[in-house]
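In: Fold the following and give me the result.
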Amino acid sequence: MKKSLKVLCAAILTALVVSCATTGSDGGDPNVNKGIEAWNKRSPDAATAYWTDIEDPATQKKYLNYVTMYNAGKNALDSTDGVKNSGKLISASNTAISKFNGLDVALQIPADVKEKGIDLAVVCIDNLLASEKLNEANNMYNQAVKVYGKSDKYATVAKELEICKQIEKKRSDLVAQGEKLSEIEDVDERISELTKHLEKVSEEETNVSNLVKNSGVGKTAGVSAFERRFKKTRQDVGIQLEGAYRDKIYEYKERIGEEFARQMVAKENGNYKLEEILDHYKTVEKNINDIYAELLDFASKHQKNVDQDVIDEVTAQKKDLSDKIAQINREIAREKEIASRGKTVMPLMIGLFNPAPGSTAESKKSRPAKFSATKQKKAEYWWGMVSIPKGEMNDLVITLKDNRNVRVFNENTKSGKLIEKNNLKDLVSRSSRVGNSWPVLNAGAQLKGTNYFFEIDKGKTEDYSGEVVVYSSFITRMR
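Out: Numbers count the residues shown, from 1 in each chain. Reported below is the predicted structural model:
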């Protein structure tokens with residue numbers, strides 16, 4: 001009997017110690033425990049009569065504040081009566097949970113208040129899931145269980161949360177994989193991998209549908225929202241794949257542009273025979289046609305993934321280049337006439353891509369024509385071609401590495417004597433000259449056709465070199 005009494009006393013002592021530690025009371029003021037007992041047996045407000053008699057001011061404030069916190073939580077729940085706005089309901093539920101969560105663990109929340117809190121939390125979790133706010137919904141669920149305790153009312157939303165988590169995990173994994181595949185630089189490899197990934201997404205979409213079907217919760221608003229969110233993944237991957245196909249089309253387009261810009265590099269500028277120049281441009285045209293054939297073959301195999309507007313754009317570019325090459329071929333073919341014009345700049349035609357002000361697009365850059373000579377004994381004559389659209393205020397500029405004189409004309413010039421005899425007009429705007437740059441302002445209006453001819457005067461040395469380029473505005477650039 002004595003042994004049993006000792007065990008009982010020890011148990012009571014332990015309970016008192018735990019109680020004091022839990023409530024923060026040192027057990028010195030009996031009003032603390034009386035208030036807790038009144039709270040739990042009658043109502044939270046009943047504790048006030050005891051806690052107002054607590055002698056220690058800090059302890060008194062602490063326990064009276066529990067009443068305030070409880071009332072704030074209960075008022076938040078009561079404020080939802082008749083409210084349908086999901087935002088207000090969620091805000092009130094979070095407020096109630098926060099206030100109740102701050103109560104001492106020894107203080108019990110009345111059963112009716114708990115039930116109301118649970119009911120509200122369940123509604124809010126449904127609303128949060130329907131808005132695809134998975135983290136907020138999961139947090140509210142965990143906090144509600146912690147504050148209000150376990151309940152069968154959570155069963156549906158708990159299962160709904162689990163299903164939504166599984167769907168979102170599958171979706172986020174697929175999105176991460178798709179982002180990595182989009183970083184593959186090789187376009188053909190990227191297309192291949194994204195095509196496989198799209199098939200995988202379709203397979204997972206079937207798995208998600210089965211998961212929802214077998215979940216036991218049916219298509220609730222939350223589950224349906226995350227299922228729709230998952231289905232959008234296939235659409236997003238499809239857009240990534242379309243982008244890869246577009247990149248492939250532009251890869252062909254760039255190859256066509258690069259081939260057109262390819263220059264002859266076997267000899268120094270000005271030392272090519274006319275037949276060599278003609279053969280070079282015929283090769284360029286053939287290569288462009290070969291690349292274009294590859295493009296059409298690719299497009300025919302992937303019609304569903306290639307936008308026709310892209311094909312039309314590349315086709316128009318190819319036609320434009322072919323027309324200009326044909327124009328060059330016609331000019332070069334007139335061998336006897338060309339032979340009288342003097343040396344030929346390379347590339348023969350410039351200004352095919354007159355740049356818009358500030359443009360950095362590769363296809364908009366003007367490619368300069370270069371020329372050079374050694375052992376010059378007298379004035380020499382050069383010619384080239386330029387294509388400036390009507391209405392464009394573009395300037396043709398010839399720049400030398402030294403300051404020898406330059407004159408630009410519309411007509412053929414076999415010799416300096418003919419220039420003077422025929423009274424040919426020098427098109428250079430000498431008042432706008434800057435350094436060794438000789439501009440023909442508004443060249444499109446001053447040149448009668450697509451050809452320009454210029455004279456390089458004898459200088460202090462027998463060697464010279466320079467280039468011809470088309471500017472959107474020479475004056476603006478110089479400023």
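In: For Ser151, grab phi and psi.
Out: Main-chain dihedrals, Ser151, degrees, to the nearest 10: phi -160, psi 150.
In: Burial check on it, number of neighbours?
Out: Neighbourhood size, Ser151 [other C-beta atoms under 10 Å]: 16. Where you see a C-beta, it was placed from the backbone N, CA and C, and this is true even at glycine.
In: roughly how far apart are it and Lys116?
Out: Distance from Ser151 to Lys116, counting by C-beta to C-beta, to the nearest Å: 12 Å.
In: can you check Asp297 too?
Out: Applying C-beta to C-beta to Asp297 and Lys116 gives a distance of 70 Å.
In: Counting neighbours, go ahead and name the busier of those two.
Out: Ranked by neighbour count (other C-beta under 10 Å), Asp297 and Lys116 place Lys116 first, with 18 against 9.
In: Could I get the buried residue list for the helix or strand hosting the more buried one?
Out: Following DSSP states H and E, one finds Lys116 within helix 111-130. Across helix 111-130, burial judged by 16 or more other C-beta atoms under 10 Å covers 113-114, 116-130.
In: before we move on, what about stretch 140-151?
Out: Buried residues in stretch 140-151, counting neighbours by 16+ other C-beta under 10 Å, are found at 140-141, 143-144, 147-148, 151.
In: And that stretch, how far out from the chain middle?
Out: Remark: stretch 140-151 is offset 41 Å from the chain centroid, using C-alpha atoms, centre = their mean, to the nearest Å.
In: from what I can see Thr233 touches Glu203, true?
Out: No. Using C-beta atoms under 8 Å, Thr233 is not in contact with Glu203; the gap is 11.9 Å.
In: the more surrounded of the two?
Out: Neighbours per residue (other C-beta under 10 Å) separate Thr233 from Glu203, with Thr233 holding more: 21 against 10.
In: before we move on, the earlier item: so which of the buried residues of stretch 140-151 comes closest to Ile388?
Out: The closest of those to Ile388 turns out to be Met140 (C-beta to C-beta; 68.7 Å).
In: Let me see the contact set for the closest one.
Out: Met140 is in contact with 90, 93-94, 97, 121, 124-125, 128, counting by C-beta atoms under 8 Å, 6 or more residues apart in numbering.
In: rerun that using 7 Å as the cut-off
Out: Met140 sits next to 93, 121, 124-125, 128 when contact means C-beta atoms under 7 Å, 6 or more residues apart in numbering.
In: Pipe those into TSV and attach pLDDT per row.
Out: Below are the contacts of Met140 laid out as TSV (pLDDT from 0 to 100):
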residue	pLDDT
Ser93	95
Ala121	94
Cys124	94
Ile125	93
Leu128	93
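In: Among the residues you listed, find me the one that's closest to Ile256.
Out: Distances from Ile256 to those, taken by C-beta to C-beta, are shortest for Leu128, at 53.7 Å.
In: The closest one reaches Asn135, doesn't it?
Out: No. In this structure Leu128 lies outside contact range of Asn135 using C-beta atoms under 7 Å: 9.0 Å.
In: Need the nearest residue in space to Val175, chain neighbours excluded.
Out: Nearest-residue entry for Val175: Thr233, 6.4 Å, with adjacent residues in sequence omitted and distances by C-beta to C-beta, 6 or more residues apart in numbering.
In: so which helix or strand takes in the one you found?
Out: Taking DSSP H and E as the definition, one finds Thr233 inside helix 221-261.
In: Report how many residues lie close to Lys370.
Out: As a burial measure, Lys370 scores 18 neighbours (other C-beta under 10 Å).
In: could you measure it against Leu348, distance?
Out: 11 Å.
In: can you state the direction angle for the strand or helix carrying Ser300 and helix 221-261?
Out: Assigned by DSSP H and E, Ser300 belongs to helix 274-301. Angle of helix 274-301 versus helix 221-261, following axes from the mean of the first three to the mean of the last three C-alpha atoms, to 10 degrees, is 160 degrees.
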